[in-house]
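Q: Sharing a model that was predicted from the sequence below.
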Amino acid sequence: MAGNGQDFKSKVDSINAIPYQFIVSNIYKSIDIFTQNAIDAERIGYKLGAAKSYSQLGKALYLNGKYDASTLNYLKSINLFEELNDNNGLAGTYGEYGYQLKRRDMPKANLYMRKGIHLAETNKSDTLLASLYDNYGVLKEMENKLDSAVYFYSKSLSLKNKMKDKIGIPYSLNKLAGIEAMRSKFSAALNFLKQSDAFRNNEEGDFGKVENLAMYGDVYKQMNLIDSAITNFNKCLSLSQKNGINYLVRYCYEQLTSLYKAKEDFQKAYKSLEMLSLYKDSVLNKEVSLNIAQLELSYESEKKDHEIAVSKLELSKKTSLLYLLAAIAIVLGTISFTIYKNQKKKREKERRELEFSNKLKNAELEKKMADEKLHISRELHDNIGSHLTFMISSIDNIAYSEKENTKANKLNGLSLFGRETLNELRNTIWALKHEDSELKELILKIKELISRINNNIDAVSISLVSDVDETIRLSATQMLNIFRIFQEATQNILKHSGATAVIVEFKNNLSGFDFIIKDNGKGFDTTKKTKNNGLINMNQRCEESGGTLQIHSSVEGTEIICSFILRHLPN
């Protein structure tokens, strides 16, 4: 039986020794292999084998985009390595788990990576350090600390050259290519990629080739070689789908969407965007984030329970020497157990409150979305509907008109009105498609309209300036209403003010931002009651979007300010 158990351990060890290159090129198969290997190791009580299996399984699940399952397995692995006091295994798993956290919790990712590097440097493990330096370089690159990223990538490459690691070297070359591209040193970036290709052309799996294809796409995109970038991202996409590398599938669709849009091939851009939504990264999913947080909490609780158990064991040993200490240990144990039970109840209560809070927020969000969709429907009915009704009536009048010239004039007017109606419809649809979008999308839309006005009307010049954070999120209603306020104000300026210059400004205020439209026209008396529907509409739209409207006017010009407080905007 002893020999049989040793055979089982050898089998578990041989499976755990499967290299990273195989895992990334056979993700689905690797998940099945390491799941079964962990079960086999647990069945024979082989903790070291189980710890390594959970670490390998966490890696495969992460590459497949299953982040909550990946977290669970990494925490199991860390727990076992800590119990075994295996610093090398612990260093590697710390580093891999830290790398997995990079898009969800960067401070914690840096913490785990540094813990792993410290252990590996203490143990002078070059093989492990080469991998950890590469991954830590990625974190520095994401933090835009390019000099630090180059430092760690270069340290990794130096170790790999020293070890003649033909599998690891092309990874570091790929990372250095990315840094050179970010610095606009495209020749150097392509040179690094060609060096990497020389190694990866001899590899059996596809993952290395896939990574290089993605990097070629990035470099060509930054060089504005759109067709070359599209070609490489499509090749990368095909191989990523074949091998189940979901995070690269998402990345390729994201890049292809922007590239096809740049080519004005909107059909392919829309198709890529649809596919991207199917592969939406679950790292940002609230449910997954909650699951991961609960797993981490369970791990910390289990770790504390283990420490309590160790403390009890030490106290129980001392009781054999002195009866009084035994009594004290019992009292302390009872107190500790009571505290533990109370903490457990508290955590359970907090968990239920969190679930209830999330359900309440979701209900509020659904109501808000329904209200906004009702508003947009009303916009379509009242605005576009009235335009279409006018067009129908005009067509009926033309049918009964006797003079050909009159018909021609009316048809020309109707054609112009139809184009205006189509533009109104497109603007409304644009707002619907940009629900919960960033402010920069609205600024881009306003700039497009300004460009058309400046190209067609010489009497007035319109410009736009902005000093606000353009990643502020706006709802569809806010996007449309701010755009309509700009249209209404511009129309009034062109018709009535006699202005020669207009400035449109997005400006920070103490609690949010201001949307300002200023002209140098003749102004008007703001104290007089007005029947101007334009001013009434602007005020209603501003208030409906969570803002307040102010109008200042004098002989030197008019200033319209719609002020927003950030807490009124979506998080």
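A: Everything's here; your move.
Q: Can you give me the neighbour number for the closest residue to Gly521 other than its chain neighbours?
A: Leaving out its chain neighbours, the residue that sits closest to Gly521 by CB to CB, 6 or more residues apart in numbering is Ser497, at 2.7 Å. C-beta coordinates here come from the backbone N, C-alpha and C atoms, glycine included. Neighbourhood size, Ser497 [other CB atoms under 10 Å]: 20.
Q: same check, this time on Ser228
A: Counted with other CB under 10 Å, residues neighbouring Ser228 total 15.
Q: Check which helices and strands the strand or helix carrying it sits against.
A: According to DSSP states H and E, Ser228 maps onto helix 226-243. Secondary-structure packing of helix 226-243 (3 or more CB pairs under 8 Å, 6 or more residues apart in numbering; DSSP states H and E): helix 207-222, helix 246-262.
Q: for the ones you listed, which one ends up most surrounded?
A: Stretch with highest mean neighbour count among these: helix 207-222 (a mean of 22; mean count of other CB atoms under 10 Å).
Q: Next, the angle from that one to helix 226-243.
A: Angle, helix 207-222 to helix 226-243, by axes from the mean of the first three to the mean of the last three CA atoms, to 10 degrees: 150 degrees.
Q: Please enumerate residues in contact with helix 207-222?
A: 21, 24-25, 170-171, 174, 177-178, 181-182, 184, 186, 189-190, 193, 196-197, 199-201, 203, 226, 228-230, 232-233, 235-236, 239-240, 243, 245, 248, 251-252, 255, 259 (CB atoms under 8 Å, 6 or more residues apart in numbering).
Q: let's see 6 Å
A: 24-25, 170, 174, 177-178, 181, 189, 193, 196, 200, 228-229, 232-233, 235-236, 239-240 (CB atoms under 6 Å, 6 or more residues apart in numbering).
Q: out of those, which are buried?
A: Listed as buried from those are 24-25, 170, 174, 177-178, 181, 189, 193, 196, 200, 229, 232-233, 235-236, 239-240; burial here means 16 or more other CB atoms under 10 Å.
Q: Figure out which of the helices and strands packed on helix 226-243 is closest to Asn537.
A: Proximity to Asn537, assessed across the helices and strands packed on helix 226-243 by CB to CB, is greatest for helix 246-262 (32.3 Å).
Q: The closest one packs against which elements?
A: helix 226-243, helix 266-278 (3 or more CB pairs under 6 Å, 6 or more residues apart in numbering; DSSP states H and E).
Q: who wins for proximity to Ile44 among the helices and strands packed on helix 226-243?
A: helix 207-222 (31.7 Å).
Q: same question for the closest one, mean pLDDT?
A: Mean pLDDT, computed over helix 207-222, is 90.
Q: begin at 7 from here
A: All right, first residue 7 from here; so that's helix 213-228.
Q: Can I get stretch 24-40 as PDB, trimmed to CA atoms?
A: Backbone C-alpha positions of stretch 24-40 (Å, rounded to 0.1, in the frame of the first residue of the first chain) are rendered in PDB as follows:
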ATOM      1  CA  ILE A  24       2.800  20.600 -16.700                       C
ATOM      2  CA  PRO A  25       4.400  23.900 -18.000                       C
ATOM      3  CA  TYR A  26       2.600  27.200 -18.300                       C
ATOM      4  CA  GLN A  27       3.100  27.000 -22.100                       C
ATOM      5  CA  PHE A  28       0.800  24.000 -22.200                       C
ATOM      6  CA  ILE A  29      -1.800  25.500 -19.900                       C
ATOM      7  CA  VAL A  30      -2.200  28.800 -21.900                       C
ATOM      8  CA  SER A  31      -2.500  26.800 -25.200                       C
ATOM      9  CA  ASN A  32      -5.000  24.200 -23.800                       C
ATOM     10  CA  ILE A  33      -7.100  26.100 -21.300                       C
ATOM     11  CA  TYR A  34     -10.200  24.000 -21.400                       C
ATOM     12  CA  LYS A  35      -8.300  20.700 -21.100                       C
ATOM     13  CA  SER A  36      -6.100  22.200 -18.300                       C
ATOM     14  CA  ILE A  37      -9.100  23.000 -16.200                       C
ATOM     15  CA  ASP A  38     -10.300  19.400 -16.400                       C
ATOM     16  CA  ILE A  39      -6.800  18.000 -15.700                       C
ATOM     17  CA  PHE A  40      -6.100  20.100 -12.600                       C
END
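Q: so who does Ile488 touch?
A: If you count contacts by CB under 6 Å, 6+ apart, Ile488 has them with Phe521.
Q: So it: helix, strand or coil?
A: helix (DSSP: H, G, I helix; E, B strand; the rest coil).
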